[in-house]
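Novice: Give me a 3D structure for the following:
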Amino acid sequence: MQAFTQYTPTKIIFGKDTETQAGQLAKEHHASRVFVIYGGGSVVRSGLLDRVTASLKEEGLAYEVLGGVKPNPRLSFARQAVKMSIDFQTDFVLAVGGGSVIDTAKAVAHGTANPDTDIWEFWSRKKTVEKSLPIGVVLTLAAAGSETSDSAVLTNEETKIKRGLSTDLNRPVFAVMNPELTYTLPKYQVGCGIVDIMMHTLDRYFTPTEGNELTDEIAEGLLRTVIRNGAIAIKDSHDYNAMSEIMWAGSLSHNGLTGLGAEKDFAVHQLGHELSAKFDIAHGASLSAVWGAWAEYVYGEKPERFAQYAKNVWGIEEDDIDTAAKKAIEKTVEYFKSLDMPTCFGEAKEVGIKTDEELKKMADGCSYGGTRSIGSFKTCDQNDIYEIYKLANK
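Specialist: Got it, this is the predicted structure:
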């Protein structure tokens, strides 16, 4: 086992009807003025928002509500929310939704606690977050794992740049997780969530690090669980057992557990961020659209790792390592297809790349103008990124 530091301070409240505890949980963290953020109208139509605000009223907490968060959370909306939160004198931020809502809540918490700093300065690495407000979550979508993670993503619409920010101050103090709240999700969002959960572990699993036996076992077990239950959930999003397994896997996949002691890769996330920033494609779809191309390009660095993945996750038994590695890549791509997820640019309706020059511009953006490389399984510079995008552009 390699050296690691693990920090998972988020209290998990899992099960049916747990959203009614939101007010009590916020009060336990000394909340008095709660800023509630949500996304679309389904939270209102389902009655969830009313149940949450009723729990706040019951505890005597003042609250302000703001809806309208969109996928690939926008910087402009987050800035607007920060201003409202400061005016309200917020001391606790509550996210009711999925990853985009939670990431926006994290931005609001940082911005409210630092009223003299524009939040984009944190995401663009010009300033470091040193203080924030506590954040709580009522989760409605199993996908991003933001309910327990140290990361948050924002998209600057003006520059079409998407950036992630990692800090322990991003970790929510509690996460309410009722699998029944995911029942209203359309099939596409369920598929995107399954891909995102898998990728949070795959981006930790495919690294140069060796000798992390227990971490590997946890990662492989989580992947098998998501693959098995994802096949059920994509056909019936009202299957409580399948949705509950996926929801819990989403949190474990991005709280650091499946990569303890290993160097992170996250090249696929970086490749996907550029795609979603330019074309506003859903995050999970951006990942499935590039994973096969990335895997094809890099597997030769360490084919035995892909062969281990083939055997322990997919049950593929092959004497030849190279054959096993290729079969594992094919099997993963086939699984994404079974979820109706795009596996290349041509299958993603949002992506309209017509020229090689556009691919080069994307590679330039992903590499920050050639100033950074991505990944650790294979370190990819601007040219490598371009070659991967070329493989994906079919």
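Novice: Now do C366 against I161, distance only.
Specialist: Distance of C366 to I161, computed by C-beta to C-beta, to the nearest Å: 10 Å. Just so you know, the C-beta spots here come from the backbone N, C-alpha and C atoms, and that holds for glycine as well.
Novice: neighbour-wise, which of those two wins?
Specialist: Taking neighbours as other C-beta atoms under 10 Å, C366 and I161 compare with C366 leading, 24 against 19.
Novice: That one is in contact with S276, isn't it?
Specialist: No: C366 is beyond contact range of S276, at 11.6 Å (criterion: C-beta atoms under 8 Å).
Novice: Make sure I have this right: H269 is in a helix.
Specialist: Yes: counting by DSSP: H, G, I helix; E, B strand; the rest coil, H269 is part of a helix.
Novice: Pull out the buried residues from the helix or strand hosting R79.
Specialist: Assignment of secondary structure by DSSP states H and E places R79 within helix 75-88. Using 16 or more other C-beta atoms under 10 Å as the test for burial, helix 75-88 gives 75, 77-79, 81-82, 84-85, 88.
Novice: tell me which strands and helices it is in contact with?
Specialist: Applying 3 or more C-beta pairs under 8 Å, 6 or more residues apart in numbering; DSSP states H and E, one finds that helix 75-88 makes contact with strand 33-38, strand 62-66, helix 99-113, strand 151-156.
Novice: per-residue confidence averaged over it?
Specialist: In this model, helix 75-88 has an average pLDDT of 98.
Novice: Taking strand 33-38 as reference, get the angle to it.
Specialist: Per axes from the mean of the first three to the mean of the last three C-alpha atoms, to 10 degrees, the angle that helix 75-88 makes with strand 33-38 is 160 degrees.
Novice: The next helix-or-strand element following helix 75-88 packs against which elements?
Specialist: On the C-terminal side of helix 75-88, the nearest following helix or strand under DSSP H and E is strand 92-97. The contact analysis (3+ C-beta pairs under 8 Å, 6+ apart) places strand 92-97 against helix 22-28, strand 33-38, helix 48-58, helix 99-113, strand 135-139.
Novice: Take these and lay them out in a markdown table including mean neighbour count and mean pLDDT.
Specialist: Formatted as a markdown table, these follow (neighbours: other C-beta atoms under 10 Å; pLDDT from 0 to 100):
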| stretch | mean neighbour count | mean pLDDT |
| --- | --- | --- |
| helix 22-28 | 21 | 98 |
| strand 33-38 | 25 | 98 |
| helix 48-58 | 18 | 98 |
| helix 99-113 | 29 | 98 |
| strand 135-139 | 31 | 98 |
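Novice: returning to what we had before: format the helices and strands packed on helix 75-88 as JSON lines; extra columns: distance to I135.
Specialist: Below are the helices and strands packed on helix 75-88 laid out as JSON lines (distance: least, C-beta to C-beta, whole Å):
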{"stretch": "strand 33-38", "distance to I135": "10"}
{"stretch": "strand 62-66", "distance to I135": "14"}
{"stretch": "helix 99-113", "distance to I135": "5"}
{"stretch": "strand 151-156", "distance to I135": "10"}
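Novice: any weak-confidence spans in the stretch 151-300 of the chain?
Specialist: The stretch 151-300 of the chain contains no residues with pLDDT under 70.
Novice: what ranges do the helices span in it?
Specialist: All helices of the stretch 151-300 of the chain, identified by DSSP state H, counting those that start in this stretch, fall at 187-205, 213-233, 240-253, 267-279, 283-298.
Novice: Nearest to W123, out of the ones you listed?
Specialist: When the helices of the stretch 151-300 of the chain are compared by C-beta to C-beta, helix 267-279 sits nearest W123, at 11.9 Å.
Novice: Tell me who's in contact with the residue nearest to A310 when sequence neighbours are not counted.
Specialist: Leaving aside its sequence neighbours, A310 sits nearest to A328 (C-beta to C-beta, 6 or more residues apart in numbering; 3.5 Å). By C-beta atoms under 8 Å, 6 or more residues apart in numbering, A328 lies in contact with 306-307, 309-310, 313-314, 316.
Novice: between those, which is nearest E387?
Specialist: For the contacts of A328, the nearest to E387 is F306 (18.5 Å; C-beta to C-beta).
Novice: To what extent is the closest residue to the closest one other than its chain neighbours buried, counted in neighbours?
Specialist: In this structure, F306 finds its nearest non-sequential neighbour in A325, 3.5 Å apart by C-beta to C-beta, 6+ apart. Around A325 there are 24 other residues, counting by other C-beta under 10 Å.
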